[in-house]
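K.L.:
Model the structure of this input:
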Amino acid sequence: MRKLICTIVFCLFAFIGKAQSSALFKEATDFYNQGEYTKAIENYEEILKKGEHSAELYFNLGNCHYKLNAIGPSIYNYEKALLLKPNDKEILNNLGYAQNMRLDAIEEMPKTDIGAFYNGVVNFLSFDQWSYLAVSLIILFVVAYLAYFFLRMASQKRIAFITSIFSLILGVLCVLLAYLQFQEFKNDNPAIIFTSEVKISSEPNNNSEVVFTLHEGTKVNVLEKLNNWNKIRLADGQTGWLLNENIRLLKDF
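P.N.:
Modelled structure (predicted):
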């Protein structure tokens, strides 16, 4: 009985929390439409404090910061939206506008045709989506395999057998792609520069040589951490060290 009461109370609080978040989201959208971007940001961030994350929420936050010419926060929120909703055209479009405001022009290292093809295939779906597709194909394999034994006509049995084999092969391939995509996701630790200008050092200390300078909004990949220092790599292959306070990680959901 006590468990039932606890479950009911939990569901009630969850429902109330969801209703409050929906009201905050609607109010924030109204603030945005009225040009009161700072108030809209306050509402959206209040929703984040409740532990709710969505591509739409981060996208709207990015739009608000973009309207206020805040380069770092706008790019940061667009990138987070893109993590939750990969390849979304609207997010990519707005992210492109925000990136044009950056001072740093980082060119990616050129990829071979094979490397570009590999990345295109592996990153076509997220590892979750590859996993869901794999499960669907395995279910199709089981159904087709059972149909092979229960069908009587030779032509139908042949179609069921071929379908089961192809489903199995594609299912295993999707599992492999999900694994490869997950490994890439795990090894990738992106962050956005939040300081207007930061000097990148060759070593993790204040007395080391400055190798280059970065500006707000530039995307980096964190390779390792040492105390308050982060070793970063740019898309063009350059590496260096900077302090924690200069960046915000994108995968800190």
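K.L.:
any chance you could map the strands in the stretch 51-200 of the chain?
P.N.:
Remark: strands assigned in the stretch 51-200 of the chain by DSSP state E, counting those that start in this stretch are 190-193, 197-201.
K.L.:
what's the spacing between the first one and its chain's center?
P.N.:
Taking the mean of its C-alpha atoms, strand 190-193 sits 13 Å from the chain's own mean (CA atoms, centre = their mean, to the nearest Å).
K.L.:
Quick one: list the elements packing against it.
P.N.:
Secondary-structure packing of strand 190-193 (3 or more CB pairs under 8 Å, 6 or more residues apart in numbering; DSSP states H and E): helix 71-84, strand 219-226, strand 247-249. C-betas here are computed from N, CA, C, even on glycine.
K.L.:
Show me what the one helix or strand residue 42 maps to is packed against.
P.N.:
Assigned by DSSP states H and E, residue 42 belongs to helix 37-49. On a contact count with 3+ CB pairs under 8 Å, 6+ apart, helix 37-49 meets helix 2-33, helix 55-67.
K.L.:
before we move on, back to that, right, so of the strands of the stretch 51-200 of the chain, which gets closest to residue 123?
P.N.:
Nearest to residue 123 among the strands of the stretch 51-200 of the chain is strand 190-193; the distance by CB to CB comes to 13.8 Å.
K.L.:
which residues touch residue 193?
P.N.:
72, 214, 215, 216, 217, 218, 219, 220, 246, 247 (CB atoms under 8 Å, 6 or more residues apart in numbering).
K.L.:
How about it, nearest residue that isn't a chain neighbour?
P.N.:
residue 218 (4.6 Å; CB to CB, 6 or more residues apart in numbering).
K.L.:
The one you found against residue 104, yeah?
P.N.:
Yes - Residue 218 is in contact with residue 104 according to CB atoms under 8 Å; the separation is 4.5 Å.
K.L.:
Could you check which of the two has the larger neighbour count?
P.N.:
Each of residue 218 and residue 104 had its neighbours counted (other CB atoms under 10 Å), and the higher figure belongs to residue 218 (24 against 15).
K.L.:
and the more buried one, what does it touch?
P.N.:
Residue 218 neighbours (CB under 8 Å, 6+ apart): 102, 104, 106, 192, 193, 234.
K.L.:
switch to 10 Å and redo it
P.N.:
71-72, 75, 99, 102-106, 191-194, 198, 232, 234-235, 247 (CB atoms under 10 Å, 6 or more residues apart in numbering).
K.L.:
circling back: could I get the helices and strands packed on strand 190-193 as TSV with mean pLDDT?
P.N.:
Formatted as TSV, the helices and strands packed on strand 190-193 follow (pLDDT from 0 to 100):
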stretch	mean pLDDT
helix 71-84	96
strand 219-226	95
strand 247-249	96
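K.L.:
Let me know which of these is tucked in deepest.
P.N.:
Looking across those with neighbours counted as mean count of other CB atoms under 10 Å, the highest average goes to helix 71-84: a mean of 24.
K.L.:
and that one, what does it pack onto?
P.N.:
helix 37-49, helix 55-67, helix 89-99, strand 190-193, strand 219-226, strand 247-249 (3 or more CB pairs under 10 Å, 6 or more residues apart in numbering; DSSP states H and E).
K.L.:
No further queries at this time; thank you.
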